[in-house]
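S.K.: Pasting the sequence and the predicted coordinates here, then a few questions.
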Amino acid sequence: MKILVAIKRVVDANVKVRVKSDGTGVDLSNAKMAINPFCEIAVEEAIQIKESGAAEEIIALSIGPQACQEQIRTALALGADRGILVETDEQVEPLAVAKIIKAIVDKEGIDLVILGKQSIDTDNNQVGQMVAALCGYPQGTFACNAEIKDGKIEVTREIDGGEQTVLLDLPAVVTTDLRLNEPRYASLPNIMKAKKKPIDATNPGELGVEISSNLKTLSVMPPAERSAGVIVESVEELVNKLKTEAKVI
């Protein structure tokens, strides 16, 4: 079985982002970049499936500028076997991302696609569902548990009412939630080995995918500053402030 894991390059989750002075976007100069946290979980899940003996190869795919090789190398150090970089400097919308992933799935003969449920920069939560629709594959979204069973994959999903378990025929698409696993750290020997693992380069044009944008960002602004909290001496004072100042009751 071949597993494809899609990873996205984003600003590190521990970094406080800054908005450009002209309001056209986020200032990424000198910002620390990392693998999207949900994508890290996807990589870990693929590695665990391979370690169980159910998969033979893990391919790490990233779409973006050449700098995305850094995140692919991280995935290779964690345990992926090889990488694919679909290089573009354009902003790629979710549907175009899904079309690129489908093209790679068809080219590589992928049996299982694992993606993070969303990225922490755009929070769209769209790509996994779109990939499943384009490929005609069953999907298990928001996975908090996944297990290969007799040529199928059993996925436990987090839903509003609790959990739902589905049994999917392979090939399939799975998107990961936070509680699926705990990503490992790359060891120094594996980091060194990752430097010798191959990364194939291509571009959307070679895959027959048009990435022209249909969306336009009008402006980007930081959230409003929150006022300082107030310590009250009694319940009566709290109720009074909620009535007279906050006007919420």
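M.R.: Okay, I see it.
S.K.: dump the residue contacts of residue 58.
M.R.: 2-3, 5, 43, 46-47, 50, 79-81 (CB atoms under 8 Å, 6 or more residues apart in numbering). Where C-beta positions appear, they are placed from N, C-alpha and C, glycine not excepted.
S.K.: run the last query once more with 7 Å
M.R.: For residue 58, the contact set (CB atoms under 7 Å, 6 or more residues apart in numbering) comprises 3, 5, 46-47, 50, 79-81.
S.K.: could these be laid out in JSON lines, adding distance to residue 138 and neighbour count?
M.R.: Converted to JSON lines, the contacts of residue 58 look like this (distance: CB to CB, whole Å; neighbours: other CB atoms under 10 Å):
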{"residue": "3", "distance to residue 138": "16", "neighbour count": "26"}
{"residue": "5", "distance to residue 138": "18", "neighbour count": "27"}
{"residue": "46", "distance to residue 138": "18", "neighbour count": "28"}
{"residue": "47", "distance to residue 138": "22", "neighbour count": "21"}
{"residue": "50", "distance to residue 138": "21", "neighbour count": "18"}
{"residue": "79", "distance to residue 138": "25", "neighbour count": "19"}
{"residue": "80", "distance to residue 138": "24", "neighbour count": "26"}
{"residue": "81", "distance to residue 138": "25", "neighbour count": "18"}
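S.K.: Any buried residues in the longest strand seen in the chain, and which?
M.R.: Determined from DSSP state E, the single longest strand within the chain is strand 139-149. Using 16 or more other CB atoms under 10 Å as the test for burial, strand 139-149 gives 139-143, 145-146, 148.
S.K.: among these, which two are most distant?
M.R.: 142 and 148 (18.7 Å; CB to CB).
S.K.: For this protein, just list every one of the helices.
M.R.: Applying DSSP state H to the chain gives helices spanning 37-51, 69-78, 94-108, 127-135, 188-194, 235-244.
S.K.: Please name whichever of these is nearest to residue 61.
M.R.: helix 94-108 (5.8 Å).
S.K.: Remind me what the closest one packs against, helices and strands.
M.R.: Contacts defined by 3 or more CB pairs under 7 Å, 6 or more residues apart in numbering; DSSP states H and E place helix 94-108 against strand 2-6, strand 57-64, helix 127-135.
S.K.: any residues touching stretch 115-127, and which ones?
M.R.: Outside stretch 115-127, the residues that reach it (CB under 7 Å, 6+ apart) are 6, 8, 10-11, 13, 36-39, 41-42, 94, 97-98, 128, 141-142, 175-177.
S.K.: avg pLDDT for that stretch?
M.R.: Stretch 115-127 carries an average pLDDT of 93.
S.K.: what's the neighbour count on the closest residue to residue 33 other than its chain neighbours?
M.R.: Among residues not flanking residue 33 along the chain, residue 9 sits closest, at 5.5 Å (CB to CB, 6 or more residues apart in numbering). Per other CB atoms under 10 Å, the neighbour tally for residue 9 reads 22.
S.K.: Ok, residue 184 next?
M.R.: Counted with other CB under 10 Å, residue 184 comes out at 14.
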